[in-house]
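Chemist: Predicted model, plus sequence, below.
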Amino acid sequence: MSREPILQPPASPSEDDRALRPQRMEEMVGQRDVYARLQIVVDAATKRGEPLGHILFDGPPGLGKTTFATCIPRDLGVGFQIGSGATLKAPKDLVPYLTNAEENSILFIDEIHRMQKAVEEFLYPAMEDFRIDLTLGEGVNARTLNIQLKPFTLIGATTRTGLISAPLRDRFQMREHLDFYTIEELAEIVVRNARKLQVEIATDAATEIATRSRGTPRLANNRLRWVRDYALSRADGRITLDVARRALEMQGIDNLGLDTQDRKYLQTIARVFDGGPVGVEAVAHTMNLVPDTLIDEVEPFLLRSELMIRTPRGRRLTAAGYAHLKSEPDNPSHAQGALF
Ligand code: ADP
């Protein structure tokens with residue numbers, strides 16, 4: 001029997017988001033190796049009637065960590081709860097999740113690297129022996145209560161494996177890294193989702209949107225929704241290559257899929273810090289952003305595209321990074337032809 005989540009994700013996704021999220025692992029595009037391994041453990045757990053081993057997903061945002069975590073319980077036909085590491089500040093915040101967990105059900109903790117240390121330590125016996133130790137009362141009256149939990153599976157997701165302590169990491173039986181998607185995979189997602197949104201799209205337009213989505217399904221979906229609106233408002237509702245290009249250009253998304261913020265990051269390193277090396281905190285400060293935004297959302301694709309590199313002394317722009325800025329019209333120094 002499959003169930004809907006009994007607790008909603010903290011940042012509740014929009015209607016469209018829910019409409020576009022695959023419901024089953026077999027509906028997911030790409031990540032074939034990860035899918036194949038998960039399919040085996042899901043199949044084996046079903047046959048044994050035992051809970052799945054704990055799983056940790058890592059990778060940049062928008063690549064499908066939550067999607068895998070929500071598809072797995074549906075494929076298994078078990079209950080599902082969802083929480084976020086950021087809101088688990090003390091062991092007591094975790095207790096309801098653990099005591100509510102039904103036999104063989106899934107508990108998904110997003111941003112698990114943000115969990116407080118005390119919560120993490122409280123989780124260890126729960127993960128290993130399905131047991132928690134609660135301390136009641138204080139001082140001489142304090143006593144420990146051992147509570148036996150039903151066997152469950154923890155699925156953790158993180159954008160930063162580096163911040164997960166070794167003892168926590170080692171308690172996950174499976175660790176899966178999600179990487180960026182190919183243009184072909186993203187184009188397939190765009191075509192499928194255009195069908196779900198009941199909008200007509202040309203094949204080359206789908207490829208164009210995929211090319212400008214920074215390897216990320218979430219961005220491909222966001223771009224598709226914007227292009228759909230643009231097509232309806234400025235054209236006859238059909239998404240042609242020309243409509244897609246005009247729509248994406250109006251949003252400031254360039255031919256690599258970078259948006260204004262991504263380019264501003266490269267420009268700040270180029271102009272203010274002379275191309276680097278510079279610490280990410282200094283760049284974040286100059287841009288009026290928190291470093292986490294740059295580290296989690298902006299840098300992974302820029303690093304992967306080799307527009308910048310990380311060195312022991314800080315971030316540095318590459319020749320490709322400079323060349324990209326030069327080719328972009330919204331670079332103020334471009335008009336002056338001065339700085340590069
Ligand atoms: P994460 O948890 O890694 O930040 P999500 O799982 O929330 O990313 O994915 C963001 C959106 O991208 C989902 O709502 C879904 O629509 C889409 N998506 C992610 N992975 C896939 C996939 N493999 N196939 C199709 N769509 C996907």
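Modeler: Nice, I can see it. Numbers count the residues shown, from 1 in each chain.
Chemist: Give the residue spans of this protein that score low on pLDDT.
Modeler: Applying pLDDT under 70 to the chain flags residues 1-16, 329-340.
Chemist: what sits against the residue of it found nearest the ligand?
Modeler: Relative to the ligand, the nearest point of the chain is residue 64 (2.8 Å; C-beta to the nearest ligand atom). (Glycine included, C-beta is placed from N, CA and C.) Residue 64 sits next to 28, 30-31, 178, 217 when contact means C-beta atoms under 8 Å, 6 or more residues apart in numbering.
Chemist: mind running it again at 10 Å?
Modeler: Residue 64 makes contact with 21-22, 28-31, 34-35, 57, 71, 157, 178, 181, 216-218, according to C-beta atoms under 10 Å, 6 or more residues apart in numbering.
Chemist: Please apply the same query to residue 273.
Modeler: 279, 282-283, 286, 314-317.
Chemist: Regarding it, what is its secondary structure?
Modeler: coil (DSSP: H, G, I helix; E, B strand; the rest coil).
Chemist: roughly how far apart are it and residue 31?
Modeler: Computed as C-beta to C-beta, to the nearest Å, the residue 273 to residue 31 distance reads 36 Å.
Chemist: which stretches of the stretch 51-200 of the chain form helices?
Modeler: Here the stretch 51-200 of the chain has its helices, by DSSP state H, counting those that start in this stretch, at 65-76, 91-100, 117-129, 166-170, 183-196.
Chemist: swap in the stretch 201-340 of the chain?
Modeler: With DSSP H, counting those that start in this stretch as the criterion, the stretch 201-340 of the chain has helices at 203-211, 217-234, 241-250, 260-271, 280-287, 291-293, 299-304, 319-327, 332-336.
Chemist: Comparing the helices of the stretch 51-200 of the chain, which comes out most buried?
Modeler: helix 65-76 (a mean of 22; mean count of other C-beta atoms under 10 Å).
Chemist: what's the angle from it to helix 217-234?
Modeler: With axes from the mean of the first three to the mean of the last three C-alpha atoms, to 10 degrees as the basis, helix 65-76 and helix 217-234 are set at 100 degrees to each other.
Chemist: ok, and for stretch 266-273, which residues are buried?
Modeler: Across stretch 266-273, burial judged by 16 or more other C-beta atoms under 10 Å covers 266-271, 273.
Chemist: brain fart, stretch 47-61
Modeler: For stretch 47-61, burial by neighbour count (16+ other C-beta under 10 Å) applies to 51-52, 54-60.
Chemist: ok, which of those residues also contact the ligand?
Modeler: Checked against the ligand using C-beta under 6 Å from any ligand atom, those yield no neighbours at all.
Chemist: who touches the nearest residue to residue 284 once chain neighbours are set aside in this structure?
Modeler: In space, and not counting its chain neighbours, residue 284 is closest to residue 291: 4.2 Å by C-beta to C-beta, 6 or more residues apart in numbering. The neighbours of residue 291, taking C-beta under 10 Å, 6+ apart as the test, are 279-285, 299.
Chemist: Quick one: residues in contact with stretch 244-252.
Modeler: Around stretch 244-252, the neighbours that count as contacts under C-beta under 10 Å, 6+ apart are 190, 201-202, 204-209, 211-213, 222-224, 226-231, 233-235, 239-240, 253-255, 257-263, 328-330.
Chemist: Tell me the gap between that stretch and the middle of its chain.
Modeler: Relative to its parent chain, stretch 244-252 has a centroid offset of 24 Å by C-alpha atoms, centre = their mean, to the nearest Å.
Chemist: Alpha carbons of that stretch, as PDB, please.
Modeler: Output of stretch 244-252 as PDB, limited to C-alpha atoms (Å, rounded to 0.1, in the frame of the first residue of the first chain):
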ATOM      1  CA  ALA A 244      12.500  29.500 -26.300                       C
ATOM      2  CA  ARG A 245      15.600  31.600 -27.200                       C
ATOM      3  CA  ARG A 246      13.800  35.000 -26.800                       C
ATOM      4  CA  ALA A 247      12.200  33.900 -23.500                       C
ATOM      5  CA  LEU A 248      15.500  32.700 -22.000                       C
ATOM      6  CA  GLU A 249      17.400  35.800 -23.200                       C
ATOM      7  CA  MET A 250      14.700  38.000 -21.600                       C
ATOM      8  CA  GLN A 251      15.400  36.200 -18.300                       C
ATOM      9  CA  GLY A 252      19.200  36.800 -18.700                       C
END
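Chemist: separation between the closest residue to residue 315 other than its chain neighbours and residue 236?
Modeler: Once flanking residues are discounted, residue 315 sits nearest to residue 276: 5.1 Å by C-beta to C-beta, 6+ apart. From residue 276 across to residue 236, the span is 47 Å (C-beta to C-beta).
Chemist: out of these two, which sits in the more crowded spot?
Modeler: The neighbour count for residue 276 versus residue 236, taken as other C-beta atoms under 10 Å, is higher for residue 276 (21 against 9).
Chemist: Buried ones among the contacts of residue 273?
Modeler: Using 16+ other C-beta under 10 Å as the threshold, 282-283, 286, 314-317 are the buried ones among the contacts of residue 273.
Chemist: For the residues you listed, name the two members farthest from one another.
Modeler: The span of the buried ones among the contacts of residue 273, defined through C-beta to C-beta, is set by 286 and 316 at 15.8 Å.
Chemist: Thank you kindly, that will do.
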